[in-house]
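Chemist: Have a look at this fold, sequence not included:
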């Protein structure tokens, strides 16, 4: 069945791949991004060309996850046109690389805003419609760094993604009685196929960074990047993430997985999350709230 889907951060990377894959699967997809008439105008043209060349319903839409006004307008435009919204995908994110001490608090706040607060803005805009419908799907693109093996120099990003994952888990429990399902996608490290690493932020405190480069950690950043790239299999394909998401979206109500791992490096996140999610579920069992673990069938999907 064709679904109306909104994807955040879809100008490039995972978001762009996901948007194309879902459109190819027969869904109506809105690839959202900011500055559609400015710096992202080429990306808008790319989306439009793909839609025309492949005969799919793929649309670029203005939506800046850093602005509640922009988010509200983007979501409202989709609902006004279609009368409903079936899938909301939290994909927008940004990475930063360098010693934690060299990042300013303001930089950490900016990363937290993009990776975490953006999901709250989108949820507040979209969930009233999904709750009104009595059905819907939230897909959160998390990170294996939230529970798997992690190298240094990525702590601001890792901390933000861990917070996002925690939000996803809690929202899942609060929305089940509304008939809304949550699926958390957990990608591992993909050093190719996306611009995550290439566009990652750098510390603003150059003097503090210089101290790290002049001390016992001199060259550690390069060591980490080389070591990180070495454990990623040469055939690791970022499209595996979009393929997994298409499968989740196309899976019938009540059978969608809560968490899906797509990790070519096998950093152990699947094992750690299995334990964490089991512990969380057991607590709900103990207090008599087991029904919060699975979405209620309020309306036929």
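Modeler: Great, that's in hand. In this text the structure is predicted, and so the values were computed from the model without any measurement. Numbers count the residues shown, from 1 in each chain.
Chemist: From what I see, residue 34 and residue 43 are in contact.
Modeler: No - using Cβ atoms under 8 Å, residue 34 makes no contact with residue 43, being 10.4 Å away. The C-beta positions use only the backbone N, C-alpha and C, and glycine is treated the same way.
Chemist: how about the helices of the stretch 151-300 of the chain, start to end?
Modeler: Remark: helices assigned in the stretch 151-300 of the chain by DSSP state H, counting those that start in this stretch are 155-175, 206-214, 220-230, 239-250, 269-286.
Chemist: can you check the stretch 1-150 of the chain too?
Modeler: Going by DSSP H, counting those that start in this stretch, the stretch 1-150 of the chain shows helices at 13-24, 41-54, 68-82, 105-112, 118-133.
Chemist: Would you mind giving the ones you listed as a markdown table with mean neighbour count and distance to residue 273 added?
Modeler: Listed next are those as a markdown table, based on neighbours: other Cβ atoms under 10 Å; distance: least, Cβ to Cβ, whole Å:
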| stretch | mean neighbour count | distance to residue 273 |
| --- | --- | --- |
| helix 13-24 | 24 | 19 |
| helix 41-54 | 14 | 32 |
| helix 68-82 | 16 | 28 |
| helix 105-112 | 15 | 21 |
| helix 118-133 | 19 | 18 |
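Chemist: So which of the ones you listed is nearest residue 237?
Modeler: Counting by Cβ to Cβ, residue 237 lies closest to helix 13-24 out of these; the figure is 9.7 Å.
Chemist: chain center to the closest one: distance?
Modeler: Here helix 13-24 is found 12 Å from its chain centre; the criterion is Cα atoms, centre = their mean, to the nearest Å.
Chemist: Please apply the same query to stretch 229-240.
Modeler: Centre to centre, stretch against its chain (Cα atoms, centre = their mean), the figure for stretch 229-240 is 19 Å.
Chemist: I'd say residue 25 and residue 250 touch.
Modeler: Yes - in this structure residue 25 lies within contact range of residue 250 using Cβ under 8 Å: 6.5 Å.
Chemist: neighbour count winner among those two?
Modeler: Per other Cβ atoms under 10 Å, whichever of residue 25 and residue 250 has more neighbours is residue 25, with 19 against 14.
Chemist: Could you save the helices of the stretch 1-150 of the chain as TSV and add columns showing mean pLDDT and distance to residue 141?
Modeler: Converted to TSV, the helices of the stretch 1-150 of the chain look like this (pLDDT from 0 to 100; distance: least, Cβ to Cβ, whole Å):
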stretch	mean pLDDT	distance to residue 141
helix 13-24	95	6
helix 41-54	97	18
helix 68-82	98	17
helix 105-112	96	15
helix 118-133	98	10
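Chemist: Dump the ones you listed into JSON lines; add distance to residue 179 as well.
Modeler: Listed next are the helices of the stretch 1-150 of the chain as JSON lines, based on distance: least, Cβ to Cβ, whole Å:
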{"stretch": "helix 13-24", "distance to residue 179": "21"}
{"stretch": "helix 41-54", "distance to residue 179": "31"}
{"stretch": "helix 68-82", "distance to residue 179": "17"}
{"stretch": "helix 105-112", "distance to residue 179": "30"}
{"stretch": "helix 118-133", "distance to residue 179": "8"}
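Chemist: Determine which of those helices approaches residue 268 most closely.
Modeler: When those are compared by Cβ to Cβ, helix 13-24 sits nearest residue 268, at 21.3 Å.
Chemist: The closest one - contacts with which helices or strands?
Modeler: Packing partners of helix 13-24 (3 or more Cβ pairs under 8 Å, 6 or more residues apart in numbering; DSSP states H and E): strand 4-7, strand 28-33, helix 41-54, strand 58-62, helix 239-250.
Chemist: got the contact list for residue 257?
Modeler: Neighbouring residues of residue 257 by Cβ atoms under 8 Å, 6 or more residues apart in numbering: 183, 248, 251.
Chemist: of these, closest to residue 267?
Modeler: residue 183 (20.4 Å).
Chemist: what about residue 225, how many neighbours?
Modeler: When neighbours are counted by other Cβ under 10 Å, residue 225 registers 15.
Chemist: quick one: it and residue 98, what's the gap?
Modeler: Per Cβ to Cβ, to the nearest Å, residue 225 is found 11 Å from residue 98.
Chemist: who are the neighbours in contact with residue 56?
Modeler: Counting by Cβ under 8 Å, 6+ apart, residue 56 touches 20, 23, 24, 26, 29, 50.
Chemist: 7 Å instead?
Modeler: Counting by Cβ atoms under 7 Å, 6 or more residues apart in numbering, residue 56 touches 23, 24.
Chemist: Make 30 the starting number, not 1.
Modeler: Sure thing, new numbering starts at 30, so read that last one as residue 85.
Chemist: Done for today, thanks.
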